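Novice: everything below, folded, please.
(2 chains)
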Number of protein chains: 2
Amino acid sequence: MWLLHHYPLCPFSRKVRLVLGEKRIAHDVVQSYPWESRPEFTALNPANQTPVLVWTEDAANPDPQMRQIILCDSTAIIEYFEETVADTPIMGSGPLERAEVRRMTAWFDQKFYAEAGVLLLQERMWHRLFQRQPPNTTTLRNALVATEKHLGYVDHLIDTRRWLGGATFSLADITAAAHLSVADYLGGIEWDRHPVAKQWYLAVRSRRSFRSLLADRMPGLTPPAHYEQLDF
Amino acid sequence: MWLLHHYPLCPFSRKVRLVLGEKRIAHDVVQSYPWESRPEFTALNPANQTPVLVWTEDAANPDPQMRQIILCDSTAIIEYFEETVADTPIMGSGPLERAEVRRMTAWFDQKFYAEAGVLLLQERMWHRLFQRQPPNTTTLRNALVATEKHLGYVDHLIDTRRWLGGATFSLADITAAAHLSVADYLGGIEWDRHPVAKQWYLAVRSRRSFRSLLADRMPGLTPPAHYEQLDF
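Specialist: Below is the predicted model:
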């Protein structure tokens, strides 16, 4: 059985959970907070980051090398399942379509996360839970301005294509929705300013794979009322 | 003909140049400095980042959609060529080996770059060329400490495997060497403290694909004497 190490507001773990859901890969989850730097966790992933996905085989397997598989890094994990579970493709078809899906995936993993996501996590999760300080208003404002800009880009793309990566639902949608769902949990999104992006997000969020993720709570932090609401 | 937009010290462009070299993809290069935010460049890549790889077809092609292909993001570009030029694989063989290659690729693209690479670029390229200020010594010290730690990890891996991603030369080696070559250009590496990593780096750096890249100079910045030296 696969076991996913994650924490509720880790956007990269959310991506992986959504992909496991779309591909119907049975798995358990366990919460691991990287900031605790537990030796058992850094032994699994020297980068000390979630997500980590571990396969543990029946201990009776005579080959010890086959008893455990450890996959680290959300992209490495997802490409592994795209290669091994081919009946539910999530990367589009054809090299050019896949290049566009990967471009949009990198956009949210890198650009959105650096300009908005990590700042919201820092100011609204880290400061509140661990430092018990009020957020830095300048950093928070920068994060909100960046979020607006990225939602504007989603509006722009969805004006000309059905899904973020092209004609079919793909990892681009999964990645963007994973990051935006964390920002939304932290009260960082004004959806009414972006009706096009909102319609697209509601379509992604209504997928079966999203359910368990929306029910998760980060202890000590409550999401806004609309976070799980069917329509808002 | 493919045209690569890059600048000499962009580690992500270096990765792509090395992959194009390994796969013997004919291409021209043009220098694009993202910090100039030229409208022609952001029209190619709204993320305003190098590398961008553009294919321009003969203007006589009747289908305008086939006249130009624009690939953005180093990972998207490299996976595109791994899919379309299959006779020179650089991702290892088998899903588990590829997961390890992708884990190490992400390690250098994200962790090394955030903890060391971007700080060296900031303090030793940006400050010197554009702000004409001396570097911030604390930031610089942090970058050098981080570089040491990452080279220690390379030492550790190369103790137990021939190449960084496993038994064969792969994108893990290309990515690590691309990032380390930029740090080396900026005087950020003390190779003599890491003889194992140094042997591995010299082996990668001696590949044919590395040649044009080592000859490149960033105007106004001179690399240390050993940067291009055959052995040092």
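
Novice: can you report how many residues lie near the closest residue to A:G92 other than its chain neighbours?
Specialist: In space, and not counting its chain neighbours, A:G92 is closest to A:V101: 4.7 Å by CB to CB, 6 or more residues apart in numbering or on different chains. From N, CA and C alone the C-beta is placed, and that goes for glycine too. A:V101: 27 surrounding residues under other CB atoms under 10 Å in any protein chain shown.

Novice: A:V101 and A:P89 touch, don't they?
Specialist: No. Assessed by CB atoms under 8 Å, A:V101 is found out of contact with A:P89, at 10.1 Å.

Novice: so A:L53, which of the three states?
Specialist: Taking DSSP: H, G, I helix; E, B strand; the rest coil as the rule, one finds A:L53 in the strand state.

Novice: that one contacts A:L4, doesn't it?
Specialist: Yes. With contacts counted by CB under 8 Å, A:L53 reaches A:L4, the gap being 5.2 Å.

Novice: what residues of stretch A:141-148 count as buried?
Specialist: Going by neighbour count (16 or more other CB atoms under 10 Å in any protein chain shown), the buried part of stretch A:141-148 is A:A143, A:L144, A:A146, A:T147.

Novice: could you check how far the first one is from A:A177?
Specialist: As judged by CB to CB, to the nearest Å, A:A143 and A:A177 stand 18 Å apart.

Novice: now do A:P134, the pLDDT please.
Specialist: With respect to pLDDT, A:P134 scores 86.

Novice: low-confidence ranges in chain A?
Specialist: Along chain A, segments meeting pLDDT under 70 span A:59, A:61-66.

Novice: what's the single longest helix in it?
Specialist: Counting by DSSP state H, the longest helix found in chain A is helix A:137-158.

Novice: contacts for that helix next, please.
Specialist: Applying CB atoms under 8 Å, 6 or more residues apart in numbering or on different chains, the contact partners of helix A:137-158 are A:104, A:108, A:111-112, A:115-116, A:119-120, A:122-124, A:164, A:176, A:180, A:183, A:188-190, A:193-194, A:196-197, A:199-200, B:46.

Novice: which SSE is A:L4 in?
Specialist: strand A:2-6 (DSSP states H and E).

Novice: and chain A, which residues reach chain B?
Specialist: Within reach of chain B by CB under 8 Å from any CB of the partner chain, chain A has these residues: A:46-47, A:69, A:71-73, A:75-77, A:79-80, A:83-84, A:95-96, A:98-100, A:102-103, A:106-107, A:111, A:153.

Novice: which of the residues you listed fall in helices?
Specialist: In helices, defined here by DSSP H, the members of those are A:75-77, A:79-80, A:83-84, A:95-96, A:98-100, A:102-103, A:106, A:153.

Novice: from those, list the buried ones, please.
Specialist: Buried by 16+ other CB under 10 Å: A:75-77, A:79-80, A:95-96, A:98-100, A:102-103, A:106, A:153, out of those.

Novice: how is chain A divided into domains?
Specialist: A:2-84, A:95-227 (automatic domain parsing).

Novice: I'd like these as CSV, with distance to B:I158 appended.
Specialist: Listed next are the domains of chain A as CSV, based on distance: least, CB to CB, whole Å:
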stretch, distance to B:I158
domain A:2-84, 15
domain A:95-227, 28
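
Novice: can you report how many residues lie near the closest residue to A:D159 other than its chain neighbours?
Specialist: Spatially, and ignoring its direct neighbours in sequence, A:D159 is nearest to A:V196 (6.4 Å; CB to CB, 6+ apart). Residues lying near A:V196 (other CB under 10 Å) number 15.

Novice: check contacts around A:V196.
Specialist: Contacts for A:V196 (CB under 8 Å, 6+ apart) come out as A:V154, A:D155, A:I158, A:D159.

Novice: restricted to buried residues, select the residues you listed in ChimeraX.
Specialist: Entered in ChimeraX, the line below selects the buried ones among the contacts of A:V196, by 16+ other CB under 10 Å:
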select /A:154,155,158
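
Novice: closest one of the contacts of A:V196 to chain B?
Specialist: A:V154 (12.1 Å; CB to the nearest CB).

Novice: quick one: what helix or strand has A:D28 in it?
Specialist: Going by DSSP H and E, A:D28 is in strand A:27-31.

Novice: export that strand to CSV, keeping only CA atoms.
Specialist: Provided in CSV are the C-alpha atoms of strand A:27-31 (Å, rounded to 0.1, in the frame of the first residue of the first chain):
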residue,chain,number,x,y,z
HIS,A,27,-3.2,5.1,-0.6
ASP,A,28,-3.2,6.1,3.0
VAL,A,29,-2.0,9.5,4.2
VAL,A,30,0.0,10.5,7.2
GLN,A,31,0.7,14.1,8.3
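
Novice: sheet-wise, list the partners of that strand with their directions.
Specialist: strand A:2-6 (parallel) (DSSP bridges).
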